[in-house]
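Visitor: Turn this into a structure:
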Amino acid sequence: MSLDLDGRPAGAGSVPPAAGSPAASLAGVHAELDTLLAADLSGLGDAEVLAVLVEAERARRRLAALDHVVVAQVERRGVAQAKGYRYPDELLVQALRVSRREAHARVSAARNLGPRVSLLGEVLPPVHPEVAAGQAVGVVSVEQSRIIVKALDQLPGHVTVEAADGIRDALLNLAAACGPEVVGKAARHALVTVEQDCAPPEADERREQRRGIAVFCRPDGSSRVAAELNPELTEVLLTVFDSLAAPKPASDGVRDLRSGGQRRHDALLDGLKLLIRAGQLPDAGGVSTTVLITIDQRAWLTGVGCASTGHGGVLTAGEAIRQAGGDAAVVAVALDDMRAVTALSGEHRIFTRRQRRALAARDGGCTFPGCPAPPGWCEAHHATDYAITGQTSVDDGGLVCGYDHRERVRQGWTTRMINGRMCWTPPPWIDPNQTPVRNTLHDRS
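Guide: Now for the predicted structure:
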């Protein structure tokens, strides 16, 4: 289909529309739009510019209501079939140059919000007349109308007419004041509430039957998790995320670069490690619940090589040593070539409960600059690598939250003790002078 310079299909304007016809009225609309497009808005005040923007949006919404009327007429007359198309959607794709998805949405909207005609030729109101009326006056947007219509269509059949009308009116009132996100959230909440109120007693039992978690392990020790959580676990999990998954505050210009999914992953890890360290889990196999890592003696001493987890995963030696360093939730066992135990991280490398209490009293929380994490959220960390000192002591350790223990070391931060307190030295790309910094957030007056 070729276009004239004014954007209309070629030949569309060759015959003047009849006076008073819809086509003539639309020609007048285009003329007014030409005037508006040529208008100089630079002389208007801010309030006037905003008023133009609001009215332009209202006009856009009202034109969508006109689209429903026209598309309904096209479908009723069978114009698509007369032009050789199977469905109205296909005609709209070609005639209007819109996507198939948009064409389908327009046809669906016309069926719900456009006028109807009975088999006897009687004109009927739209399926959802109140929503159509809201869009016709420019109050309800296309996106809002789709959300409301979808919600009304999903209401269970046993919902009373009065209840359905109440939900519809509430959503329309909300659409007049709020955006689609708020309307969508309210629609979902209304549907859930109706389903809960009308659900038979066995619905809870079916939901409990569906609960489950499957962990699909990979050879490298990582995994993919598929889960169906009941409402209780869902709420507890979201509460943990509220507490532990917030972005870390920026420190020395370094903001938290983790995605939302990565923060939730790390929050779950920190929460489970806190649970293990609390010592409240029942014993597993006759011993305290502990993450067990097995590592070759040479890898243990050099940090080069691999280690195995208790469930068959494979870690690098460096990662295994990092996990075992000062964290009572993880124990590493070093074996020689004859599989004899030559070192046990719990004997020397892990800070004892007494040492952790001393660190908590001295540090007051995470030692990384600007971190507010309390002692209960922290792991104990060697200021100087245990491989160098071979010692675990309060004089050469400090508390670090799980995020800073993992991420700051990867970023290049290093630790050292200055005047009996753990200080952090930033990498050169953050501070070329590499001046050690101490967290003063937990200092007591």
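Visitor: Would you mark the buried spots in stretch 375-382?
Guide: Buried positions in stretch 375-382, judged by neighbour count with 16 or more other CB atoms under 10 Å: 375, 377-382. All C-beta spots, glycine's among them, are computed from the backbone N, C-alpha and C.
Visitor: next one: stretch 76-95
Guide: 80, 85, 88-93, 95.
Visitor: Have a look at this structure and report its longest helix.
Guide: Taking DSSP state H as the criterion, the chain has its longest helix at helix 46-77.
Visitor: elements contacting whichever helix or strand comes after that one?
Guide: Later in the chain than helix 46-77, the nearest helix or strand by DSSP states H and E is helix 79-82. Applying 3 or more CB pairs under 8 Å, 6 or more residues apart in numbering; DSSP states H and E, we find helix 79-82 packed against helix 88-96.
Visitor: tell me the angle of the helix it packs on relative to helix 46-77?
Guide: 130 degrees (axes from the mean of the first three to the mean of the last three CA atoms, to 10 degrees).
Visitor: can you offset everything so residue one is 51?
Guide: Sounds good: first residue 51 from here, last item helix 138-146.
Visitor: what residues does helix 138-146 touch?
Guide: 51, 121, 124-125, 129-130, 133, 135, 148-150, 152-154, 156-157 (CB atoms under 8 Å, 6 or more residues apart in numbering).
Visitor: pLDDT and distance to Glu278 added to the buried residues of stretch 126-145, as CSV?
Guide: Shown next, in CSV, are the buried residues of stretch 126-145 (pLDDT from 0 to 100; distance: CB to CB, whole Å):
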residue, pLDDT, distance to Glu278
Ala130, 92, 43
Tyr135, 91, 43
Pro138, 92, 39
Asp139, 92, 35
Glu140, 93, 39
Leu141, 94, 43
Leu142, 94, 40
Val143, 93, 39
Ala145, 92, 45
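Visitor: Taking the buried residues of stretch 425-432, tell me the two that lie furthest apart.
Guide: Spanning the widest gap among the buried residues of stretch 425-432 are Trp427 and His432, at 18.5 Å by CB to CB.
Visitor: want to throw the buried residues of stretch 126-145 into a markdown table with distance to Ala109?
Guide: Supplementary listing: the buried residues of stretch 126-145 in a markdown table, determined by distance: CB to CB, whole Å:
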| residue | distance to Ala109 |
| --- | --- |
| Ala130 | 28 |
| Tyr135 | 30 |
| Pro138 | 25 |
| Asp139 | 26 |
| Glu140 | 29 |
| Leu141 | 25 |
| Leu142 | 21 |
| Val143 | 25 |
| Ala145 | 22 |
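Visitor: Can you get me a residue count around Gly164?
Guide: Gly164 has 24 neighbours, counted by other CB atoms under 10 Å.
Visitor: check contacts around the closest residue to it other than its chain neighbours.
Guide: Counting by CB to CB, 6 or more residues apart in numbering, Ala122 is the residue found nearest to Gly164 once chain neighbours are left out, at 3.2 Å. For Ala122, the contacting residues are 160-161, 164-166, by CB under 8 Å, 6+ apart.
Visitor: how close does Ala122 sit to Val129?
Guide: 11 Å (CB to CB, to the nearest Å).
Visitor: before we move on, what about Arg466?
Guide: If you go by CB to CB, the gap between Arg466 and Val129 works out to 79 Å.
Visitor: top of the contacts of helix 138-146 by neighbour count?
Guide: Val121 (25 neighbours).
Visitor: mind listing what it touches?
Guide: The contact partners of Val121, taken as CB under 8 Å, 6+ apart, are 138, 142, 156-157, 159-160, 164.
Visitor: and which of those is nearest to Glu193?
Guide: When these are ranked by distance to Glu193 (CB to CB), Ala159 comes first, at 10.8 Å.
Visitor: how many other residues sit next to that closest one?
Guide: Neighbours of Ala159 using other CB under 10 Å come to 24.
Visitor: what does the average pLDDT come to for stretch 225-240?
Guide: Stretch 225-240 carries an average pLDDT of 92.
Visitor: Buried residues, it. List them.
Guide: 225, 230, 233-234, 236-237, 240.
Visitor: contacting residues around it?
Guide: With CB under 8 Å, 6+ apart, stretch 225-240 has contacts from 184, 189-191, 193-194, 197-198, 200-201, 217, 220-221, 224.
Visitor: Show me the shaky parts of the stretch 251-400 of the chain.
Guide: The stretch 251-400 of the chain contains residues with pLDDT under 70 at 251-254, 299-304, 329-342, 350, 360-362, 371-400.
Visitor: hey, where'd the helices end up in it?
Guide: For the stretch 251-400 of the chain, the helices defined by DSSP state H, counting those that start in this stretch cover 252-260, 281-294, 310-327, 347-352, 367-374, 395-398.
Visitor: Figure out which of these is closest to Gly414.
Guide: helix 310-327 (17.5 Å).
Visitor: how about that closest one: buried residues?
Guide: In helix 310-327, counting by 16+ other CB under 10 Å, buried: 313-314, 316-318, 320-321, 323-324, 326-327.
Visitor: Let me have those in CSV, extended by distance to Thr210.
Guide: Formatted as CSV, the buried residues of helix 310-327 follow (distance: CB to CB, whole Å):
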residue, distance to Thr210
Arg313, 43
Arg314, 40
Asp316, 47
Ala317, 43
Leu318, 42
Asp320, 48
Gly321, 44
Lys323, 51
Leu324, 48
Ile326, 51
Arg327, 53
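Visitor: which one of these sits closest to Ala276?
Guide: Leu318 (14.9 Å).
Visitor: Double-check that closest one against Thr289; I have them as touching.
Guide: No: using CB atoms under 8 Å, Leu318 makes no contact with Thr289, being 12.0 Å away.
Visitor: what sits against Thr284?
Guide: No contacts exist for Thr284 under CB under 8 Å, 6+ apart.
Visitor: I'd like the distance from it to Thr210, if you could.
Guide: Thr284 is 29 Å from Thr210, by CB to CB.
Visitor: sec struct for Thr417, please.
Guide: Under DSSP: H, G, I helix; E, B strand; the rest coil, the three-state class of Thr417 is coil.
Visitor: That one contacts Val450, correct?
Guide: Yes: applying CB under 8 Å as the test, Thr417 and Val450 come out as touching, 6.0 Å apart.
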